[in-house]
Each structure stands twice: as C-alpha cells, then as structure tokens.
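Novice: pasted the sequence and its predicted model underneath.
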Amino acid sequence: MEENQINQLDQSLLNEISDFDQIKKGAYNIRKNGKGIERKVTENINIMTKTDKPGINIYVKENTKFEFVHIPVILTESGLNDLVYNDFYIGKNANVIIVAGCGIHNDHHQDSKHDGIHRFFLEEGAKVRYIEKHYGEGIGDGKRILNPVTEVYLKDGSSMEMQSAQIKGVDSTIRETKGVLGNNTNFVVSEKIMTNGIQMAKTIFDVELKGKNSSTHVTSRSVATDQSTQFFVSKIYGNNECFAHSECDAIIKDEAKVTATPEITANHVDANLIHEAAIGKIAGEQITKLMTLGLSEKEAEEEIINGFLR
C-alpha cells in the first residue's frame, strides 16, 4: 500500500466518479495506476488485499446497517492496462452502500484500459445499493477503455440495487452484468450511457431467476450522438415462479446507431417476463417548446438529453 500519492488531478478524477470529501468517512480503498494507495477499514467492514491475483476482498459483518464502502479506481498513466478482481461478502441482514467507479485521464498516444471484475455474494436478508460511475478525459489521442464485469449472487430474501453511469469520455466499453437469484430476492439495475464521436458501448445483461418469487427490473437509458454506436443485449431466464421487466430506451442523433436485442426464456409456467425497447430521435415539438422559453436549439437539445439521463 503506497500512501499519500493523491494530487490535484487525482482529486478531480475522484470527484467525477465519487464525492472525494465523502470517501474517507467510511471504509475505503483507493487504487491508482494499478496499485492501492490508501485504505481504511471499520469495525464492521474489513478490506484485504488478494494474495493470488490483483484486487481486494471486502467483508461486511452481519447486521451492519447503513455504512458506506468506497472503492474508486483512477488511471493517469498512458498505456496502462489495469485488471482488478474485487469480491464482496455481505453478511446476513446487513444493509450497506457501495460506491465504485473508474476515472481515466489520458493526455498521450497510448491506450489506457481498466477491466474491473466485481463479484457480490449476499447472505440471507442482506441489502446492497451499488453505485458505479465511469469517466474519461484528456487531450491525447490514446483511447480510454473501460470494461466492467459485475456478478451478483443473491441468497434467499436478499436484494441489490445497482446504479451505473457512463458520464463521458469513454472511447470503448463492454459492460457485463450477471445475476443469479434465490428465493424472494430482488435485483434492480439502472444504467445510463452517453456516447459521441466514434465511441462504442456494449451492455450485456444475463439474469437467472432460480428462486421462487425472485424478481428483476433492468432499465437502460442511453444517448448516442455523432458516429457512435451502442449495443444493448438482455438475457433473462425464468426458472421458477418469478417476475422480470427489461427496458431499453435510447435517443439517437446525427449518424449514431443503437441496437437492442432482447432474449427472454421462460422455463417455468409461472415465469412472467417482459421486455420493452424504444429507440428514436428527440421530438421536434419538445425542442420548439423549450425554444419558446428563450433557449437556443442546441441548449434545448442539451436540456432534453440531460433530463432523459437524469
């Protein structure tokens, strides 16, 4: 663990993906350029470095209530390929908020890449709210690449809410989310993605509803502009009496392209699975209405997009 390496640029990146002032109020682990640089544990939350591969194990004691865990990652070195494996073990009846995310600053010509594989193991009755933000910046022509993988395993009566956002500046991303749900569990996912230029974003959801009365609600809202491309793939398997709702809403501009591919499989007579997808441009009457309030056409478009992703 290398201490005291956070400079002004680092703080700026950390503020984009997480409130820097809030990070140190609970348990946290800050990773910079492939190395852990700061860490704090609490009475109820322990963070340990893996011994077999890069990453950490986070242990939350049973009955822990309303504590925070921050595990931000920042990259400021061009040409760095960072791979990390983080496992979360959430004790019985615990209720915690976990804030993750990655910010990349690349001013040079080589690509910078971060692949984060996060696995969540929730014991009976546990609840987690998981917030993940991704952000890229820099004047170099080296790409900023982020490929997050999230695996969620819910034991009986547990639940998880996942909120992910790609803010801006990410040239390429493949986002994979997998869920395996037990009895009386609930997995809610909300993602927001913005692409422009020639950026590419692909999202893959794979949720298996194994337990009785398990449920999931997956919502994706995205905006694609310029020549960017987005792909949304949703695979949901109902293997018991269960409920699932998958929804993809996208706005496209210019020469952008968005593809939505639903795949819902009912392997049980009482599996209730729904998928919805809507892709279209900003309605002209929406722009006209805002322009009557004094906004320019560009400002009206930005207001509509920001409201859509809010």
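Specialist: In hand now; what should we look at?
Novice: send me stretch 262-281 as PDB with only the CA atoms.
Specialist: C-alpha atoms of stretch 262-281 as PDB (Å, rounded to 0.1, in the frame of the first residue of the first chain):
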ATOM      1  CA  PRO A 262     -33.900  -8.900 -26.000                       C
ATOM      2  CA  GLU A 263     -33.800 -12.600 -25.100                       C
ATOM      3  CA  ILE A 264     -36.300 -13.800 -22.600                       C
ATOM      4  CA  THR A 265     -36.700 -17.500 -21.800                       C
ATOM      5  CA  ALA A 266     -39.500 -18.900 -19.600                       C
ATOM      6  CA  ASN A 267     -38.600 -22.300 -18.200                       C
ATOM      7  CA  HIS A 268     -41.500 -22.300 -15.700                       C
ATOM      8  CA  VAL A 269     -45.200 -21.900 -16.300                       C
ATOM      9  CA  ASP A 270     -45.400 -19.100 -13.700                       C
ATOM     10  CA  ALA A 271     -42.500 -17.100 -15.000                       C
ATOM     11  CA  ASN A 272     -43.700 -13.600 -16.000                       C
ATOM     12  CA  LEU A 273     -41.100 -12.000 -18.300                       C
ATOM     13  CA  ILE A 274     -41.500  -8.600 -20.100                       C
ATOM     14  CA  HIS A 275     -39.100  -6.800 -22.400                       C
ATOM     15  CA  GLU A 276     -39.600  -3.300 -23.900                       C
ATOM     16  CA  ALA A 277     -37.400  -1.300 -26.200                       C
ATOM     17  CA  ALA A 278     -37.800   2.200 -27.700                       C
ATOM     18  CA  ILE A 279     -35.200   4.000 -29.900                       C
ATOM     19  CA  GLY A 280     -35.800   7.300 -31.600                       C
ATOM     20  CA  LYS A 281     -34.700  10.900 -32.100                       C
END
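Novice: give me the contacts around it.
Specialist: 209, 232-253, 258, 260 (C-beta atoms under 8 Å, 6 or more residues apart in numbering). To be clear about C-beta, it is placed using only N, CA and C from the backbone, and glycine gets the same treatment.
Novice: can you count the residues close to residue 300?
Specialist: A count of neighbours around residue 300, defined by other C-beta atoms under 10 Å, yields 20.
Novice: repeat for residue 121
Specialist: 16.
Novice: for residue 230, same thing?
Specialist: Look at residue 230: counted by other C-beta under 10 Å, it has 26 neighbours.
Novice: partners of the closest residue to residue 45 other than its chain neighbours in the sheet?
Specialist: In this structure, residue 45 finds its nearest non-sequential neighbour in residue 27, 3.9 Å apart by C-beta to C-beta, 6 or more residues apart in numbering. Taking DSSP bridges as the rule, residue 27 bridges to residue 69.
Novice: would you map the helices across this structure?
Specialist: With DSSP state H as the criterion, the chain has helices at 8-17, 20-23, 284-291, 297-309.
Novice: what comes into contact with the shortest one?
Specialist: Right, helix 20-23. With C-beta under 8 Å, 6+ apart, helix 20-23 has contacts from 11, 14, 30, 68, 70, 72, 99.
Novice: which pair in the residues you listed spans the largest distance?
Specialist: For the contacts of helix 20-23, with distances taken as C-beta to C-beta, the pair at the greatest spread is 11 and 68 (18.4 Å).
Novice: look at the two and report which has more neighbours.
Specialist: Neighbour tally, residue 11 and residue 68, criterion other C-beta under 10 Å: the higher count belongs to residue 68, 17 against 13.
Novice: wait, that one sits on residue 25?
Specialist: Yes. Using C-beta atoms under 8 Å, residue 68 is in contact with residue 25, at 6.7 Å.
Novice: picking up where we left off before, could you dump the contacts of helix 20-23 to TSV with distance to residue 44 and pLDDT?
Specialist: Listed next are the contacts of helix 20-23 as TSV, based on distance: C-beta to C-beta, whole Å; pLDDT from 0 to 100:
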residue	distance to residue 44	pLDDT
11	27	93
14	24	94
30	20	96
68	11	96
70	15	97
72	20	96
99	17	96
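Novice: out of those, who's nearest residue 115?
Specialist: Of all the contacts of helix 20-23, residue 72 has the smallest distance to residue 115: 15.5 Å, by C-beta to C-beta.
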